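Peer 1: sharing a sequence plus its predicted fold:
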Amino acid sequence: MVDECIFCKIVRREIPSLIVQEDEDSVAFLDISPRSRGMTLVVPKQHFETFEQNRELASKLFDKAMIVAEKIRKSLNPVTVFMSIMQAQVPHFSIRVYPVYKEQIPLFENKPIETTEEELADVARRISSVPVF
């Protein structure tokens, strides 16, 4: 149900999140249980669960994720950046953007890294301060 979708609630600002990029179609925010420092979720503002349900918007979202990846590269200086699209715990289409560092390889099987609200806020500030190119 859309009303219960946590990502829809983030889009509607019903629950707090650390948004690093937003436009008319999408919102990108830090994952609160990241697999690496700066892990970001890019989600459409419109609710759908799989890319087949809205291929045009899913395609636009990939472009948005590439912008977020570049902002992460410029602000956090990872070795590289991974992206993944997979059904997750939240039934709302999303693209996960994973910065990769020598000491943090964000495998799905890994436990989330330990972080604090202050560190998340600092990472969000750094990523969102990079201008869109």
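Peer 2: Great, that's in hand. Residues are numbered from 1 along each chain as shown.
Peer 1: CA only for contacts and neighbour counts going forward, please
Peer 2: Will do.
Peer 1: is Val27 within a helix or a strand, and which one?
Peer 2: Applying DSSP states H and E as the criterion places Val27 in strand 26-30.
Peer 1: so what secondary structure elements neighbour that strand?
Peer 2: Contact partners of strand 26-30 among helices and strands, from 3 or more Cα pairs under 8 Å, 6 or more residues apart in numbering; DSSP states H and E: strand 19-22, strand 40-44, helix 55-76, helix 117-128.
Peer 1: need the winner for burial among these.
Peer 2: Of all the helices and strands packed on strand 26-30, strand 40-44 has the most neighbours on average by mean count of other Cα atoms under 10 Å, namely a mean of 27.
Peer 1: residue nearest the middle of the protein, spatially speaking?
Peer 2: Centroid-nearest residue in the chain: Leu41, 1.5 Å away (criterion: Cα atoms, centre = their mean).
Peer 1: and the closest residue to that one other than its chain neighbours, what are its bridge partners?
Peer 2: Nearest residue to Leu41 in three dimensions, chain neighbours excluded: Arg96, at 4.7 Å (Cα to Cα, 6 or more residues apart in numbering). Applying DSSP bridges to Arg96 gives these bridge partners: Leu41, Ser84.
Peer 1: sorry, back to before: turn the helices and strands packed on strand 26-30 into a markdown table, columns for distance to Ser33 and mean pLDDT.
Peer 2: As requested, those are exported to a markdown table (distance: least, Cα to Cα, whole Å; pLDDT from 0 to 100):
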| stretch | distance to Ser33 | mean pLDDT |
| --- | --- | --- |
| strand 19-22 | 15 | 96 |
| strand 40-44 | 10 | 97 |
| helix 55-76 | 17 | 96 |
| helix 117-128 | 10 | 92 |
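Peer 1: how about the ones you listed, which one is nearest Val11?
Peer 2: strand 40-44 (8.4 Å; Cα to Cα).
Peer 1: so that closest one versus strand 26-30, what angle?
Peer 2: 160 degrees (axes from the mean of the first three to the mean of the last three Cα atoms, to 10 degrees).
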